[in-house]
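Undergrad: Show me how the following folds:
(chains A and B)
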Protein chains: 2
Amino acid sequence: MSIVVVGSIAYDTVITPYGRREQTLGGAATFFSVAASYFCPVQVVGVVGEDFSDEDVEVFSARGIDTQGIARRPGKSFRWGGEYSWNLNERETLFTELNVFEEFDPELPPAYRTTPHVFLANIAPGLQLSVLEQVESPRLVALDTMNYWIEGDRDALAEVLKRVDILVINDEEARQLADEYNLVKAAEAVLSMGPTAVVIKRGEHGATAFLGDEIFNVPGFPLRDLADPTGAGDTFAGGFMGHLARHGDHGPEGLRRAIVAGSVMASFCVEAFSLDGITNLDEDQIAARYRAFQALTRFGDL
Amino acid sequence: MSIVVVGSIAYDTVITPYGRREQTLGGAATFFSVAASYFCPVQVVGVVGEDFSDEDVEVFSARGIDTQGIARRPGKSFRWGGEYSWNLNERETLFTELNVFEEFDPELPPAYRTTPHVFLANIAPGLQLSVLEQVESPRLVALDTMNYWIEGDRDALAEVLKRVDILVINDEEARQLADEYNLVKAAEAVLSMGPTAVVIKRGEHGATAFLGDEIFNVPGFPLRDLADPTGAGDTFAGGFMGHLARHGDHGPEGLRRAIVAGSVMASFCVEAFSLDGITNLDEDQIAARYRAFQALTRFGDL
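TA: Coordinates of the predicted model:
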């Protein structure tokens, strides 16, 4: 089954201790859709400017991603720049130029409106809601958000959360949304807002998911060499949703496997700059990394 | 099979957001031996002052721990005070009064010298070495240390590391010892110093172990209520070594299970102040928490 994703498509400038990239392809919808494309058909909704290159359109097409939902508008594409600390654990935003993204008003092509899986990447809650109103009875809706909307647009966010099955956010956002530091209590508070599952991304420490009555944890993959964490969270979400869409098991067992699939994709993402770590994978590499996660976490009875 | 542990026995003053305890029983050897006592016979080597109460001796005796290695010396017992930050992630030392611990010169009773498992808790590397010289061909030796010795007594530490099978330290210490931030590379560097395995404690994020060619990760247990993290690392080490001594499998599979057993004990420790979380457990509670770790981490094939 297929997925539709709505979110940013951007040109990123990224500085890490391991190098620098100027105006390289990025954005939440980009990382998400490339990661998900290894598991199922993907449709992407976003906006780019006149500067968006054919080569960058080809990054989507080469992965079989349906790009008819990418609108091209007069002006420049969304640009973002960030610089990471020496240990990659902190990030300073150097600049944010919304450009055509400022007037983004997502419109789903007719072919996207019956797509069963929907991922609402981090955009204004009002826009997320407008997308939900364009899709007909989706099987599964998941959503990402950020501190900016939690602080500044909480009512609209609460509205859209009521219509969402799975919330995928990071630990700080979960704590802020729930106004509770303890992650178990924060997750319980978030689950009372509407979603039936919340997947909390913890960066290098992996992810912890609250799946109804069950809690599931997957570690970050121990890597010798990291290059660039940009997009890792969106890549995680793409692998996660892609796996769910492919297998159609939305119960706790299916969610567990999908969370590991997301972690696999995120681990490839951070090993290289921009999308380089996830554009040229094959199924064997993905399966091998998944087995490495199994080897990393398995243990026998007491 | 039995274990001998050498380390501090202290009176702690602990302040956390959840309460305050004055002059309560603590110390690395104390937490370690109580945790290990659920798995195997334990012998403890330490020093206390004239102020050490019969009630506190009884904490050891009630768990069947052999206390003939606890020397009583003129003066006061080691005292330590610490205050934790609001989220328990940082700790400020309020005072350290070494008292009788300053002249600690561990001497093993004859009955301890053929004990097959040895845990050298965090004391001066020179003292750790002197303990090793008193034991006859131990089957397994593990060691903890801290930044103070890594900075100030590196040569002696290097000497004792050559004679140790397993190093149990926290992530900051591993990075400092290896002078390398990346945990995979840091672990490789530490393994080249002598130990065949290194178990890296990561606080609320659990533990990552480098077992020869294998890497194993266990998460911290998601708890709704934490009271006091004091002693959690020593409690982890006690459960870990206790499980190893009980089952005698020192290969990667045995180490994995032992690391989870240590994590189980540490999760009980932080739920209450001082030793309260680990003095009155039964086997069923330990087995149930172990199964909860299995439920927390299991997932199916891709």
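
Undergrad: contacts, neighbours, all on C-alpha from now
TA: Noted.

Undergrad: any idea which helix or strand carries A:E83?
TA: Using DSSP states H and E, A:E83 sits within strand A:78-84.

Undergrad: Mean confidence (pLDDT) on that strand, please.
TA: Strand A:78-84 shows a mean pLDDT of 97.

Undergrad: List the pairing partners of the next helix or strand after that strand within its sheet, with orientation.
TA: Where DSSP H and E defines the elements, the next helix or strand beyond strand A:78-84 is strand A:91-97. When pairing is defined by DSSP bridges, strand A:91-97 lines up against strand A:78-84 (antiparallel).

Undergrad: Just give the number of residues close to A:R139.
TA: 14 (other C-alpha atoms under 10 Å in any protein chain shown).

Undergrad: Please name the residues that touch it.
TA: Each residue near A:R139 by C-alpha atoms under 8 Å, 6 or more residues apart in numbering or on different chains is listed here: A:P116, A:H117.

Undergrad: confidence score at it?
TA: 97.

Undergrad: roughly how far apart are it and A:R163?
TA: Between A:R139 and A:R163 the computed distance is 12 Å (C-alpha to C-alpha, to the nearest Å).

Undergrad: and A:N89, what pLDDT?
TA: For A:N89, the predicted pLDDT is 88.

Undergrad: For A:G81, which residues count as its bridge partners?
TA: A:T13, A:F95.

Undergrad: Count the residues that sit near it.
TA: The burial count for A:G81: 18, using other C-alpha under 10 Å.

Undergrad: That one contacts A:A10, doesn't it?
TA: No - taking contacts as C-alpha atoms under 8 Å, A:G81 lies outside contact range of A:A10: 10.1 Å.

Undergrad: any idea how far A:M193 is from A:V118?
TA: For A:M193 relative to A:V118 (C-alpha to C-alpha), the value is 19 Å.

Undergrad: The two: who's more crowded?
TA: A:V118 (27 against 19).

Undergrad: in chain A, which residue is closest to the centre?
TA: Nearest to the mean C-alpha position of chain A, by C-alpha atoms, centre = their mean, lies A:D234 at 2.3 Å.

Undergrad: per-residue confidence for it?
TA: At A:D234, pLDDT is 98.

Undergrad: of all of the stretch 51-200 of chain A, which residue lies closest to chain B?
TA: A:V184 (5.6 Å; C-alpha to the nearest C-alpha).

Undergrad: Please tell me how far A:G231 sits from A:A272.
TA: 11 Å.

Undergrad: typo on my end, it should be A:V164
TA: For A:V164, the distance to A:A272 - C-alpha to C-alpha - is 32 Å.

Undergrad: Please say which of those two ends up with more neighbours.
TA: Set side by side, A:V164 and A:A272 show more neighbours around A:V164, with 22 against 18, by other C-alpha under 10 Å.

Undergrad: Surely that one touches A:L143?
TA: Yes - using C-alpha under 8 Å, A:V164 makes contact with A:L143 at a distance of 6.8 Å.

Undergrad: Quick one, grab the pLDDT at A:D144.
TA: So, for A:D144, pLDDT stands at 98.

Undergrad: which residues touch it?
TA: Contacts of A:D144 by C-alpha under 8 Å, 6+ apart are A:L120, A:A121, A:N122, A:L167, A:V168, A:I169.

Undergrad: Mind checking which of these are in strands?
TA: A:L120, A:L167, A:V168, A:I169 (DSSP state E).

Undergrad: what does the stretch 201-302 of chain A have sitting close to chain B?
TA: With C-alpha under 8 Å from any C-alpha of the partner chain as the criterion, the stretch 201-302 of chain A meets chain B at residues A:205, A:214-219, A:222-224, A:253, A:256-257, A:261, A:287, A:290-291, A:294-302.
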